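**Student:** Kindly generate the corresponding structure for this input.
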Amino acid sequence: MATPLAEIVRHKLDAGTLPLDTPKNLWKGIGSGKACSACEAVIVSADVEFEPQYNDGRGVVRFHVGCHGIWEVERRRRRNVL
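**Tutor:** Take a look at the predicted model:
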């Protein structure tokens, strides 16, 4: 059985591989053909790609639209709990 995406995102937030803080900007555009930071599947040109930007030298984070939504919910939930 596949692991639910929300569980994967929570694990990546715990591990620090997905950011918890609010980005300085959010870029949206056509898929770049690179892997989603949440589900790790390729974001194809037919997809919308979300790229939170932090301007502090950290690595690029990119998401499918649905993966971005789950990341937003999980990080906001986490920030409200902590």
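
**Student:** Mind jotting down where the helices sit in the chain?
**Tutor:** 5-15, 65-81 (DSSP state H).

**Student:** which one of those has the lowest average pLDDT?
**Tutor:** Lowest mean pLDDT within the helices of the chain: helix 65-81, at a mean of 90.

**Student:** can you tell which of the helices of the chain is closest to Asp21?
**Tutor:** helix 65-81 (8.1 Å; C-beta to C-beta). For the C-beta atoms, the positions are set from N, CA and C on the backbone; glycine is no exception.

**Student:** can you list contacts of that closest one?
**Tutor:** 5-6, 9-10, 13, 18-20, 36-39, 47-48, 50, 63 (C-beta atoms under 8 Å, 6 or more residues apart in numbering).

**Student:** just stretch 29-39 next, same as before
**Tutor:** So stretch 29-39 is contacted by 5, 8-9, 12, 17-18, 41-49, 51, 61-64, 67-68, 70-71 (C-beta under 8 Å, 6+ apart).

**Student:** okay, how far is it across it, tip to tip?
**Tutor:** 18 Å (C-alpha to C-alpha, to the nearest Å).

**Student:** and what of stretch 51-63?
**Tutor:** By C-alpha to C-alpha, the extent of stretch 51-63 from end to end equals 6 Å.

**Student:** Stretch 2-21 now?
**Tutor:** Stretch 2-21 end-to-end distance (C-alpha to C-alpha) = 28 Å.
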